[in-house]
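Asks: Predicted model follows, preceded by the sequence.
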Amino acid sequence: MEKNIMFHLFFIVLMSIGNSQAETNFDHSTTGFQLTGQHNFLPCESCHLRGIFKGLPDTCEGCHESFSQIGGSLKPLTHVPTRAACDDCHTDNSWTVVRMDHAEIIQPCITCHDGLQYTGKPIDHIESSDTCDDCHIQVAWIPARFDHFGITDTCITCHDGTTAIGKNLNHVTSSNICEDCHTTNGWIPALFRHDGIDTNCISCHNGTISTGKNLNHVPSNNECEICHLNTLSWTPALFDHNNVTDTCDTCHNGIIATGKGTGHFITDRQCDSCHYESGWTQIRDYSHESANYPGSHGVPLTCFSCHREKTETLGWVASAYYPDCGACHINDYEPDKHEGAPVTDNLDCSGLCHKDTPEHQIFHSDWEL
C-alpha cells in the first residue's frame, strides 16, 4: 500500500517536471509501447489519466475509439466505414492518409466514390451499377476489366461505333438489340434470330450475304415470307400464285410442275385463261372477246360444238365467208326460207334478219319470212 502511494507521488512529481531531464531520458520502450511520431510530443497525462500506468491499451483503436478511457482523438463521423486498424492506412505522424487499404471497407464503393468525397464516375462513364469493383481494382481506376453484368443500359448505348465497336457496314439490317443474337463473351459465335430484323428478307437472302433463291426457284417477287411460313427453314412452304411474276407455263410445263395432259385442248393461251389457281378441274366460263363470235347463238353450245378437233384454230377461219356467219353456217341454212335474201353474196346473217342478242334470236325451227 505504501509502495503504491509512493509510486503515485512519483508520477505526480514526474508530471510536474514537464520537459525535465527525467522525462526526456525516460525510455518508454521499456513499457512495451515505444513512442513514435506525434506520440513523442504528447504530455504523459494525455494517456496516463489519473496516474494510471498499468493496463493501458497498446493499439490505436484502444485510445482512439469512443469507448476508450484514454480519450484520444476519435474517427470523424464522415470517416470511411471500415474494420481496418488505424495503422493500416494512417501513420502516427498525422491522420493524413498515406496508404489506403480497401480490404476492410464495409460499405459499397459508391459510399465514398460519389464524386464529392472522392473521385466518382465521370460524365461519360458507361451506364452501370454502383459496384465499382466489378470492373476496377483497388490500386487504381485503370486498367479495368469489363463486366457486362453491371451494365444497366442497352448495348447500343456503348456499341455505337464510337464509344465501343458497333455494327459493321456488312451487318444485317436489324434492330439495336444486340443481345438478341450476341452474347457478352464475344461477337461470334452468334445465334441468329429473325425477331430483330427490321427489313425484308431479300435484304440478306440475296444469294450473297445469305442463301437466296436457287436457279430452279419459281419466278416470283421478293416477299419470301408470303410462301415461306417460318424463319426456321425454307420448307415447308405454302405456295401462293399471287407472288408469281411470270406466266403459268414457266412452271406448269410438265417438268417443274404439272403441265397439259396428252388430251388437253390445243392452245397457246395461259393456264389461267380457263383454270383457277385452286385446282385444274374447276374451269372458268370462257368469254370470247372477238366480235366475230357475238352473242350466245340461241342454243346451248359447248366449246367442242365449234372446236371439234380440240384445237383453238378452226378450219372455217380459212373460209371465204370469214368472219361472217356464213363461215360456219354455209351448209346449215334453209334455202327455201331465204327467198329474196342475197345468201350467196353475203352471209352476214346478223346484219340482215338475225340479231345477236338473246331477246332477238330467231331460230331456224320457227323462222318465217
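Replies: Yep, it's here.
Asks: And the helices in the stretch 251-369 of the chain, which stretches?
Replies: 303-306, 326-329 (DSSP state H, counting those that start in this stretch).
Asks: so of those, which one's packed in deepest?
Replies: Stretch with highest mean neighbour count among those: helix 326-329 (a mean of 19; mean count of other CB atoms under 10 Å). Where C-beta positions appear, they are placed from N, C-alpha and C, glycine not excepted.
Asks: can you pull the alpha-carbon coordinates of that helix into PDB?
Replies: Extracted in PDB, the C-alpha atoms of helix 326-329 (Å, rounded to 0.1, in the frame of the first residue of the first chain):
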ATOM      1  CA  GLY A 326     -71.700 -17.900-143.200                       C
ATOM      2  CA  ALA A 327     -68.200 -19.100-142.400                       C
ATOM      3  CA  CYS A 328     -69.900 -21.600-140.100                       C
ATOM      4  CA  HIS A 329     -73.400 -21.700-141.400                       C
END
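Asks: Quick one: the helices of the stretch 251-369 of the chain as JSON lines, columns for distance to residue 244 and mean pLDDT too.
Replies: Shown next, in JSON lines, are the helices of the stretch 251-369 of the chain (distance: least, CB to CB, whole Å; pLDDT from 0 to 100):
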{"stretch": "helix 303-306", "distance to residue 244": "27", "mean pLDDT": "77"}
{"stretch": "helix 326-329", "distance to residue 244": "38", "mean pLDDT": "73"}
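Asks: Just send these back as TSV, with distance to residue 187 too.
Replies: Below are the helices of the stretch 251-369 of the chain laid out as TSV (distance: least, CB to CB, whole Å):
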stretch	distance to residue 187
helix 303-306	66
helix 326-329	77
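Asks: what's the closest of these to residue 117?
Replies: helix 303-306 (97.6 Å; CB to CB).
Asks: Give the other helices and strands that the longest strand seen in the chain contacts.
Replies: Secondary structure of the chain per DSSP state E: the longest strand is strand 279-283. Here strand 279-283 touches strand 275-276, going by 3 or more CB pairs under 8 Å, 6 or more residues apart in numbering; DSSP states H and E.
Asks: Output the contacting helices and strands for the strand it packs on.
Replies: With contacts defined as 3+ CB pairs under 8 Å, 6+ apart, the packing partners of strand 275-276 are strand 279-283.
Asks: And the contacts of the strand it packs on?
Replies: 258, 274, 275, 276 (CB atoms under 8 Å, 6 or more residues apart in numbering).
Asks: Give me the buried entries from those residues.
Replies: Burial by neighbour count, judged by 16 or more other CB atoms under 10 Å, picks out 274, 275 from the contacts of strand 279-283.
Asks: For residue 188, state which of the contacts of strand 279-283 is nearest.
Replies: Closest approach to residue 188 among the contacts of strand 279-283 (CB to CB): residue 258, at 45.3 Å.
Asks: Please work out how many residues are found near the closest residue to the closest one other than its chain neighbours.
Replies: Excluding its sequence neighbours, the residue lying closest to residue 258 (CB to CB, 6 or more residues apart in numbering) is residue 252, at 6.0 Å. Neighbourhood size, residue 252 [other CB atoms under 10 Å]: 18.
Asks: I'd assumed residue 264 was in contact with residue 252.
Replies: No. Residue 252 is beyond contact range of residue 264, at 11.0 Å (criterion: CB atoms under 8 Å).
Asks: Could you report the pLDDT at the residue nearest to residue 258?
Replies: Looking at residue 252, its pLDDT reads 91.
Asks: Residue 365 too?
Replies: pLDDT at residue 365 comes out at 39.
Asks: List the contacts of the most centrally placed residue in the chain.
Replies: With distances taken as CA atoms, centre = their mean, the residue of the chain nearest its centroid is residue 196 (2.9 Å). Residues near residue 196 by CB under 8 Å, 6+ apart: 174, 175, 177, 180, 181.
Asks: Kindly provide the distance from it to residue 25.
Replies: Look at residue 196 and residue 25: by CB to CB, to the nearest Å, they are 84 Å apart.
Asks: Looking at the contacts of residue 196, which one is closest to residue 32?
Replies: For the contacts of residue 196, the nearest to residue 32 is residue 177 (67.2 Å; CB to CB).
Asks: Help me confirm that the closest one comes into contact with residue 159.
Replies: No. Between residue 177 and residue 159 there is no contact under CB under 8 Å: 11.1 Å.
Asks: Can you list the low-confidence ranges for the protein?
Replies: Judged by pLDDT under 70, the chain has its weakly predicted residues at 1-24, 289-301, 316-318, 332-369.
Asks: Residue 64 is in contact with residue 73, correct?
Replies: Yes. Using CB under 8 Å, residue 73 is in contact with residue 64, at 6.0 Å.
Asks: Please identify which of these two sits among more neighbours.
Replies: residue 64 (18 against 8).
Asks: quick revisit: helices - which of the contacts of residue 196 land there?
Replies: Residues of those located in helices (DSSP state H): none.
Asks: Give the buried subset of those as a PyMOL selection command.
Replies: Burial among the contacts of residue 196 is assessed by 16+ other CB under 10 Å; the matching PyMOL selection reads:
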select buried, resi 174+180+181
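Asks: Tell me if I am right that residue 30 is in a helix.
Replies: Yes. When DSSP: H, G, I helix; E, B strand; the rest coil is applied, residue 30 is found to be in a helix.
Asks: gap between it and residue 53?
Replies: In terms of CB to CB, residue 30 sits 12 Å off from residue 53.
Asks: Would you state the helices of the stretch 51-200 of the chain in chain order?
Replies: Using DSSP H, counting those that start in this stretch, helices in the stretch 51-200 of the chain cover 60-63.
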